[in-house]
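>>> sequence and computational prediction follow.
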Amino acid sequence: MPQKQQATDKGQHLEKGMVLPGKVDRIEPYGAFVQLENGQRGLLHISQLSPCSVVTVEEIVQLEQTVFVEVLHVDNKRQR
């Protein structure tokens, strides 16, 4: 399991493997958008919600729910 690292400053650089807390602020059929504590947003894709088959995102997460997410990819060009 990756070591937990915090990115609490809004401008702090995210790195692959970081595990961060965030709040679900939007749900779509393909996943949930999570607002991280550092102000950045990320997509939690439906395929990453559970090792089991997921029919709807709401089976796993709800709006305003606090979740821990692992950074799988960082787009440095777009700074997200």
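Looks like it came in fine.
>>> count of neighbours near E70?
14 (other C-beta atoms under 10 Å). Placement of C-beta: from N, CA and C, glycine included.
>>> hmm, P29 is touching V54, no?
No: checked against C-beta atoms under 8 Å, the pair P29 and V54 is beyond contact range at 11.0 Å.
>>> these two: who's more crowded?
Of the pair P29 and V54, V54 is the one with more neighbours under other C-beta under 10 Å, namely 16 against 7.
>>> can you tell me, leaving aside adjacent residues, what's nearest to the more buried one?
Computed as C-beta to C-beta, 6 or more residues apart in numbering, the closest residue to V54 that is not its neighbour in sequence is I46, at 5.5 Å.
>>> I60 now?
Of all residues not flanking I60 in the chain, L49 sits nearest, at 4.3 Å (C-beta to C-beta, 6+ apart).
>>> next up, phi/psi of that neighbour, please.
Phi and psi for L49, reported as degrees, to the nearest 10, are phi -80, psi -30.
>>> just checking, it touches Q65?
No: assessed by C-beta under 8 Å, L49 is found out of contact with Q65, at 11.8 Å.
>>> between the two, which is the more surrounded one?
L49 (17 against 14).
>>> and P51, how far is that from L36?
23 Å (C-beta to C-beta, to the nearest Å).
>>> show me the contacts for Q62.
Shown in contact with Q62 (C-beta atoms under 8 Å, 6 or more residues apart in numbering): 24, 27.
>>> what's the distance between it and R26?
Counting by C-beta to C-beta, the gap from Q62 to R26 is 12 Å.
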